[in-house]
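> with the sequence up front, the predicted model follows.
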Amino acid sequence: MENITRKTNIRNDEYLRKLVKVLEGDLDFHNKKSNYGSHNFHSFPAKFPPQLPRKFILELSKAHEIILDPMAGSGTTILESILNKRIGIGYDIDPLALMISEVKTSSYNKKHLYDIFNNILNEATLLLGKSSLLSNYFSAFEPEKKEFLKFWFTEESISELISLLIPISEIENRKYQTFFNVIFSSIIITKSGGVSLALDLAHTRPHRAKKAFNSNSEILFDFGKYEENPRHHILSKRFRSPISEFKKKFFTNIEIVTEQIYDKAQIEYADSQNLPLPDNYVDLIITSPPYASNAIDYMRAHKFSLLWFDYRLEELKEKRSICIGGDSISKINFEPLPEYAQSIINNIALINSKKALVLHRYYSEMTRSLREMYRVLKPMKAAIVVVGNSIFNGISSETHHCLKAIGENIGFIVPKIGVRTIDRNRRMLPTSKTGTETSQIQKRMDKEFVIGFYKK
């Protein structure tokens with residue numbers, strides 16, 4: 001009887017019919033260009049293609065309605081909202097994500113940007129001739145931070161980065177300072193290359209290069225047996241001048257900067273489990289939560305940039321520990337779960353009790369996040385949640401089915417779960433160590449599920 005009632009409701013509700021139709025459509029967007037607007041301003045792991053939120057925004061909302069992403073990441077949903085004349089609201093607890101989202105959704109005076117840019121370069125050139133000043137600046141960092149940066153960056157890179165950082169830190173207008181902080185970060189966290197000694201940094205699983213050369217082709221270090229490794233060509237790194245890379249990034253990104261005044265975008269620090277919004281406030285939610293068990297470890301990669309600003313390693317470790325999907329189980333408030341989700345956890349517990357608790361933590365955090373989404377969403381509106389599965393000791397987390405059950409317990413209707421095949425080259429997911437299609441990481445990240453939650 002319940003299933004018949006649900007089908008009747010779908011037939012009678014035009015909005016619900018639209019929701020099901022979009023979820024049944026093509027959600028892959030293969031061969032579609034995603035580099036329009038400011039979407040490619042800064043590398044960001046596992047961001048979904050902008051066509052995905054745009055499709056739901058156009059079908060399920062109207063101009064000037066409020067679109068929310070409670071786990072905003074690099075701001076893809078928010079940017080698509082304002083590009084399509086909606087009001088975008090985004091929250092996150094990752095400082096770098098907030099900076100990127102803010103820059104991507106802001107308008108700037110190009111002449112002013114050029115003036116600041118030229119001043120940065122002029123001052124950086126002068127500072128490079130003052131090695132004692134640069135050394136004193138670096139010496140002021142806490143010991144743990146200095147140790148980290150000296151391991152991952154060459155002395156040449158450190159000098160050039162500091163010579164850029166000093167004039168950027170002196171920019172009085174916070175909005176413009178954030179712009180150049182993001183440019184600075186983008187030369188460190190890249191899909192390939194970058195000015196650190198890290199490999200795979202944008203994929204959140206950084207490894208230090210096995211062999212490195214400086215700008216004069218002199219070997220900086222060589223961890224033996226390098227030539228015997230069949231992957232030697234991708235295990236080495238050559239020094240890239242941070243100042244040269246900074247110039248390239250600026251001239252690339254200045255082309256996509258707009259002086260147009262966007263519709264309102266609100267980007268703020270907040271936890272998706274406790275949103276600073278009134279009840280029944282937003283017209284549509286589109287978000288992509290992290291994978292469980294830090295499968296994509298954003299903070300592990302983002303600290304390579306954030307440590308150059310005013311953040312300490314201990315502070316970033318603390319932020320990492322409270323991110324949804326973390327693997328720490330201390331001081332966690334575990335929620336009671338629906339029978340299906342609990343059965344998945346029980347099966348994993350038979351093999352690995354710690355991993356079972358990690359997954360229970362994830363579903364507890366997502367329970368609170370979905371509860372907040374239900375609270376702030378207007379009745380007869382939808383929340384679109386894009387998720388992927390994780391593998392725990394060979395057992396799938398079945399995230400889409402578990403979140404469906406959790407959402408229904410809260411009060412949502414889930415009329416359909418869409419499926420999309422991931423384009424790995426453009427989704428920037430962690431790379432497989434074996435490079436095979438049968439590796440564990442390939443198995444758990446070959447597709448995503450698009451859950452349509454509908455508030456009755």
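Good, I have the coordinates. Numbers count the residues shown, from 1 in each chain.

> flag the shaky bits of the chain, pLDDT-wise.
Along the chain, segments meeting pLDDT under 70 span 1-12, 192, 202-205, 215, 217-234, 259-263, 294, 423-445.

> so in it, which helix runs the longest?
For the chain, the longest helix by residue count, based on DSSP state H, is helix 353-376.

> so what's the most centrally placed residue in the chain closest to, chain neighbours aside?
In the chain, the centroid-proximal residue (C-alpha atoms, centre = their mean) is Gly73; its distance is 4.0 Å. In this structure, Gly73 finds its nearest non-sequential neighbour in Ala97, 5.4 Å apart by C-beta to C-beta, 6 or more residues apart in numbering. Heads up, the C-betas are built off the backbone N, CA and C, glycines and all.

> tell me who's in contact with that neighbour.
Phe44, Ala72, Gly73, Ser74, Gly75, Tyr298, His302 (C-beta atoms under 8 Å, 6 or more residues apart in numbering).

> quick check: the third one touching Pro53?
Okay, so that is Gly73. No: contact criterion C-beta atoms under 8 Å: Gly73 and Pro53 do not qualify, at 11.2 Å.

> which among the contacts of Ala97 count as buried?
For the contacts of Ala97, a neighbour count by 16 or more other C-beta atoms under 10 Å gives the buried set as Phe44, Ala72, Gly73, Ser74, Gly75, Tyr298, His302.

> one step back: kindly export the longest helix of the chain (C-alpha atoms) in PDB.
Provided in PDB are the C-alpha atoms of helix 353-376 (Å, rounded to 0.1, in the frame of the first residue of the first chain):
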ATOM      1  CA  SER A 353      35.700  -3.700  14.600                       C
ATOM      2  CA  LYS A 354      37.700  -0.400  14.300                       C
ATOM      3  CA  LYS A 355      36.700   0.000  10.600                       C
ATOM      4  CA  ALA A 356      33.100  -0.700  11.600                       C
ATOM      5  CA  LEU A 357      33.200   2.100  14.100                       C
ATOM      6  CA  VAL A 358      34.700   4.500  11.500                       C
ATOM      7  CA  LEU A 359      31.700   3.800   9.200                       C
ATOM      8  CA  HIS A 360      29.300   4.200  12.100                       C
ATOM      9  CA  ARG A 361      30.900   7.600  12.700                       C
ATOM     10  CA  TYR A 362      30.300   8.500   9.100                       C
ATOM     11  CA  TYR A 363      26.700   7.500   9.100                       C
ATOM     12  CA  SER A 364      26.200   9.300  12.400                       C
ATOM     13  CA  GLU A 365      27.600  12.500  10.900                       C
ATOM     14  CA  MET A 366      25.500  12.100   7.800                       C
ATOM     15  CA  THR A 367      22.400  11.500   9.900                       C
ATOM     16  CA  ARG A 368      22.900  14.900  11.600                       C
ATOM     17  CA  SER A 369      23.700  16.600   8.200                       C
ATOM     18  CA  LEU A 370      20.600  15.100   6.600                       C
ATOM     19  CA  ARG A 371      18.500  16.100   9.600                       C
ATOM     20  CA  GLU A 372      19.800  19.700   9.100                       C
ATOM     21  CA  MET A 373      19.100  19.600   5.400                       C
ATOM     22  CA  TYR A 374      15.500  18.500   6.100                       C
ATOM     23  CA  ARG A 375      15.100  21.300   8.700                       C
ATOM     24  CA  VAL A 376      16.300  24.200   6.400                       C
END
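
> other residues contacting the next helix or strand after that helix?
Later in the chain than helix 353-376, the nearest helix or strand by DSSP states H and E is strand 377-387. Defining contact as C-beta under 8 Å, 6+ apart, one finds that strand 377-387 is touched by 13, 15, 19, 48, 52-53, 56, 60, 68, 280-289, 291, 370, 373-374, 399-400, 403, 412, 420, 448-456.

> just checking, next helix/strand downstream of strand 377-387?
Using DSSP H and E, the helix or strand that follows strand 377-387 towards the C-terminus is strand 391-392.

> show me how this protein divides into domains.
The record's domain parsing of the chain by automatic domain parsing lists 2-95+266-300+325-455, 110-253.

> related to what we said a few turns ago, ok, of the buried ones among the contacts of Ala97, which one's closest to Phe334?
Tyr298 (23.2 Å; C-beta to C-beta).

> all strands for the stretch 1-150 of the chain, in order.
66-69, 87-92 (DSSP state E, counting those that start in this stretch).

> for the longest one, which positions count as buried?
Burial within strand 87-92, assessed by neighbour count using 16+ other C-beta under 10 Å, is assigned to Ile87, Gly88, Ile89, Gly90, Tyr91, Asp92.

> distance to Lys317 added to these, as JSON lines?
JSON lines is the format used below for the buried residues of strand 87-92 (distance: C-beta to C-beta, whole Å):
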{"residue": "Ile87", "distance to Lys317": "35"}
{"residue": "Gly88", "distance to Lys317": "31"}
{"residue": "Ile89", "distance to Lys317": "29"}
{"residue": "Gly90", "distance to Lys317": "24"}
{"residue": "Tyr91", "distance to Lys317": "22"}
{"residue": "Asp92", "distance to Lys317": "18"}
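
> with respect to Ser132, which of these is nearest?
Nearest member of these to Ser132, counting by C-beta to C-beta, is Asp92, at 39.2 Å.

> now for the closest one: which residues touch it?
Asp92 sits in contact with Met71, Ala72, Gly73, Leu98, Ser101, Tyr269, Ala270, where contact means C-beta under 8 Å, 6+ apart.

> most neighbours among those, which one?
Of the contacts of Asp92, Ser101 is surrounded by the most neighbours, 31 neighbours in total, counting by other C-beta atoms under 10 Å.

> grab the nearest non-local neighbour of it.
Nearest to Ser101 is Gly75, by C-beta to C-beta, 6+ apart, at 3.0 Å.

> shouldn't that neighbour be in contact with Met99?
No: the pair Gly75 / Met99 is not scored as a contact, 9.9 Å apart, by C-beta under 8 Å.

> please identify the most buried of the domains of the chain.
For these, the largest average neighbour count (mean count of other C-beta atoms under 10 Å) is found in domain 2-95+266-300+325-455, namely a mean of 19.

> would you map the strands across the stretch 151-300 of the chain?
198-199, 207-208, 211-213, 219-222, 236-238, 265-269, 282-287.

> to Ser132, which of the ones you listed lies closest?
That would be strand 219-222 among the strands of the stretch 151-300 of the chain, by C-beta to C-beta, at 23.0 Å.

> Thr154 touches Ala209, doesn't it?
No: with contact defined as C-beta under 8 Å, Thr154 does not reach Ala209; the gap is 10.3 Å.

> who touches both of those two?
With C-beta under 8 Å, 6+ apart as the test, Thr154 and Ala209 both reach Leu197.

> in helices, which of the contacts of strand 377-387 fall?
Among the contacts of strand 377-387, the ones falling in helices (DSSP H) are Tyr15, Leu19, Leu52, Pro53, Phe56, Leu60, Leu370, Met373, Tyr374, Thr399, His400, Leu403.

> include distance to Gly325 when you put those into CSV, please.
CSV is the format used below for the ones in helices among the contacts of strand 377-387 (distance: C-beta to C-beta, whole Å):
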residue, distance to Gly325
Tyr15, 31
Leu19, 26
Leu52, 20
Pro53, 20
Phe56, 23
Leu60, 26
Leu370, 14
Met373, 17
Tyr374, 20
Thr399, 10
His400, 15
Leu403, 13
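
> I appreciate the help and will end here.
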